[in-house]
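[1] fold the stuff below for me.
(chains A and B)
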Number of protein chains: 2
Amino acid sequence: MISLESIRDAHDRIRPYIHRTPVLTNHTLNQRAGADLYFKCENFQKIGAFKARGGVNAVLQVAQNREGTAITTHSSGNHAQAVAYAARQVGMPAYIVMPRTAPQVKKDAVRDYGAEVIECEPTLEAREQGVRDVIAQTGAVLVHPFDDERVIAGQATAAKELIEDIGTDAPLDTILAPVGGGGLLSGTALIAHYLSPITRVVAGEPEGAADAVLSFRSGQVEKAPFVDTIADGLLTTLSDRTLSIIRQHVTDILTVSDPEIIAAMRLIWERMKIIVEPSCAVPLAVVLKHPDRFAGQKIGIILTGGNVDLGKLPF
Amino acid sequence: MISLESIRDAHDRIRPYIHRTPVLTNHTLNQRAGADLYFKCENFQKIGAFKARGGVNAVLQVAQNREGTAITTHSSGNHAQAVAYAARQVGMPAYIVMPRTAPQVKKDAVRDYGAEVIECEPTLEAREQGVRDVIAQTGAVLVHPFDDERVIAGQATAAKELIEDIGTDAPLDTILAPVGGGGLLSGTALIAHYLSPITRVVAGEPEGAADAVLSFRSGQVEKAPFVDTIADGLLTTLSDRTLSIIRQHVTDILTVSDPEIIAAMRLIWERMKIIVEPSCAVPLAVVLKHPDRFAGQKIGIILTGGNVDLGKLPF
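    Numbering: from 1, shown residues only, chains lettered A, B, ... in the order given. As a prediction, the model looks like this:
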């Protein structure tokens, strides 16, 4: 059980190491959506994504509780950089298991934070074996990308800041976040439940990785029928832990197609003049797809990250 | 003579119609530059560029002084949108003469602000003749993109906000701005002279449109030896008016090559996660090219705009 207290503690703990990111609004996008949109810009966060929050919260506690002398995780994405960044803040070595097929720029970014990259075959089995090997050899502590209460409490602080910035006089009707493994979504749903219970939390998911919507309906962790989407940050399935929180506190999960995601991404780039990754555009795509559900509302949107390969843009 | 008072008046006049844009900092870029950089983000300004400031200041005065019942200008870039936007604020018709070769997206943007686009051949003569025709037919008042004291006073308000945000305890050592026709640069130099005389103002110019640096040295308006640069907002030459202010209050003009501009632009996109147009990356390129001149300084950089064609990126 992740309490309000533990999220507040997480926020106090990570505050020196993260940015309090701005909340931006945009006249044109409000007109398109027929709603008042408040974008929480985690693309401006340390390492370029909200993952810094959960990673720092977990790693700081590992260090403070002397649970181990090194950190490990496996990730091909933002969590790898988050853990590398966090480990450097506490001066601990970090061993990041990454598929050898991961983009060179991502491996370089992890190394730039002083972590050691251990390459493996691009399968989940190889990645998990890689982590087990690291643990056996170094005694490192695993920081899971989402199935970890400390990580979830850290991710919750993004929506906490958003709710604080909006204030209590006219609270948000809805907060939207994308869902992959569910760390951000479950943290967002919990903190909204604690601080702004009138606010609904709705998730967006790509049609090409539509596992969470199935799990949400059936009550058990399901796999996606197929995986094929540009939103490469949202490929993971939920865990029992994140599904349980999501079933309790999330109102709905809505899916969008890749063309809808790319159109929303382009709108954010062109109109807001900020760089967001495809996964990050999923909630706006949901709002634009369902004007009937969101028109006239005051809506918070977590923009999750801005790490894109500029050489491989979808437009 | 553009007085401090006239810049303050301009600021009060335009405030309801423009954004007070944020000043952003970035740890990685500071490390690269060996300096403390403060980016004034006019890419987040109305119409996506600082030009909204000068356009609004001029058009509001035309309306208030009843100088005419319509507005005209010629521009293929941000000034066209700025004048169209400003005219709409005061409910006046605007006639924007644009070369027929201008990108469709730019013509559409001007029409979206309710202005009429008059297409002409892509020569300066045809553009000026187009404006004369409009004036003859409609009695519209010309708002020149830079050779106009009201426009210069408006552009000066970007640096005014930057200087105000930095405060007086530890003022900027240098402010950098790009130079095209010199409206922004002369306004920036004037307001720095008035409010922060310890601050040097330095301009950046593309090697492929290096007229201002020649004019700065010779004391008369020169043409560029050749015009070939990605920085399409900086192609214009100075006017006697802007050259005179620049010679009096600008410390130096430094040139950078297109590869240096593109590299700086990419750094801003990748590290700051914001969208800037090539012209806008010129000052950072200057700082990175001359570490000897700028290392250890506290530097303000005007990021002028973010209107790029996402289908035609240089990387």
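
[2] ok, whichever residue of the stretch 1-150 of chain A sits closest to chain B - contacts?
    Using Cβ to the nearest Cβ, the closest approach of the stretch 1-150 of chain A to chain B is made by A:Asn43 at 4.6 Å. Every C-beta, even on glycine, is put in place using the N, C-alpha and C of the backbone. Neighbouring residues of A:Asn43 by Cβ atoms under 8 Å, 6 or more residues apart in numbering or on different chains: A:Ala49, A:Ile274, A:Ile275, A:Val276, A:Glu277, A:Cys280, A:Leu303, A:Thr304, A:Gly305, A:Gly306, B:Lys273.

[3] show the backbone phi and psi for the residue lying closest to the first one once chain neighbours are set aside.
    Distance criterion Cβ to Cβ, 6 or more residues apart in numbering or on different chains; nearest residue to A:Ala49, sequence neighbours excluded, is A:Gly305 at 3.1 Å. Backbone torsions for A:Gly305, taken as degrees, to the nearest 10, come to phi -170, psi 170.

[4] could I get the contacts of A:Asn43 as a markdown table with distance to A:Leu254?
    Shown next, in a markdown table, are these (distance: Cβ to Cβ, whole Å):
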| residue | distance to A:Leu254 |
| --- | --- |
| A:Ala49 | 22 |
| A:Ile274 | 23 |
| A:Ile275 | 24 |
| A:Val276 | 19 |
| A:Glu277 | 19 |
| A:Cys280 | 16 |
| A:Leu303 | 17 |
| A:Thr304 | 16 |
| A:Gly305 | 20 |
| A:Gly306 | 23 |
| B:Lys273 | 26 |
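
[5] now compare those residues and name the two farthest from each other.
    By the measure Cβ to Cβ, A:Ala49 and A:Ile274 form the most distant pair in these, at 13.4 Å.

[6] A:Ala159 contacts A:His249, correct?
    No: here A:Ala159 lies out of contact with A:His249, judged by Cβ atoms under 8 Å, at a distance of 11.5 Å.

[7] find the closest residue to chain B in the stretch 151-300 of chain A.
    Of the residues in the stretch 151-300 of chain A, the one nearest chain B is A:Lys273, at a distance of 3.7 Å by Cβ to the nearest Cβ.

[8] in contact with that residue: list those residues for me.
    Taking Cβ under 8 Å, 6+ apart, we find A:Lys273 in contact with B:Asn43, B:Phe44, B:Gly48, B:Ile274, B:Ile275, B:Val276, B:Gly306.

[9] what do A:Ala49 and A:Ile274 both touch?
    Common neighbours of A:Ala49 and A:Ile274, counting by Cβ under 8 Å, 6+ apart, are A:Asn43, A:Gly306.

[10] which one's more surrounded, those two?
    Between A:Ala49 and A:Ile274, counting by other Cβ atoms under 10 Å in any protein chain shown, A:Ala49 is the more crowded of the two (28 against 25).

[11] which ones are touching that one?
    A:Glu42, A:Asn43, A:Asn78, A:Gln81, A:Ala82, A:Gly233, A:Glu277, A:Thr304, A:Gly305, A:Gly306, A:Asn307.

[12] could you do A:Leu162 as well?
    Counting by Cβ under 8 Å, 6+ apart, A:Leu162 makes contact with A:Val23, A:Tyr38, A:Lys40, A:Leu172, A:Ile175, A:Gly300, A:Ile302.

[13] got it, and A:Arg100?
    A:Glu119, A:Cys120, A:Glu121, A:Pro122.

[14] need the pLDDT of it.
    Here the pLDDT value assigned to A:Arg100 is 92.

[15] with A:Val131 instead?
    Per-residue pLDDT puts A:Val131 at 96.

[16] still on that earlier bit, higher neighbour count, A:Ala159 and A:His249?
    Of the pair A:Ala159 and A:His249, A:Ala159 is the one with more neighbours under other Cβ under 10 Å, namely 29 against 19.

[17] how about that one, nearest residue that isn't a chain neighbour?
    A:Ala159 sits nearest to A:Thr188 (Cβ to Cβ, 6+ apart), 4.2 Å away.

[18] and for the helix or strand encompassing that neighbour, what's in contact with it?
    Here A:Thr188 is covered by helix A:183-195, with elements defined by DSSP states H and E. By Cβ under 8 Å, 6+ apart, the surrounding residues in contact with helix A:183-195 are A:2, A:4, A:7, A:50, A:54, A:145-148, A:151-160, A:163-164, A:175, A:177-179, A:199, A:201, A:203, A:212, A:241-242, A:245-246, A:248-250, A:302, A:304.

[19] of those, which count as buried by neighbour count?
    In those, burial by neighbour count holds for A:2, A:7, A:50, A:54, A:145-148, A:151-160, A:163-164, A:175, A:177-179, A:199, A:201, A:203, A:212, A:241-242, A:245-246, A:249-250, A:302, A:304, counting by 16 or more other Cβ atoms under 10 Å in any protein chain shown.
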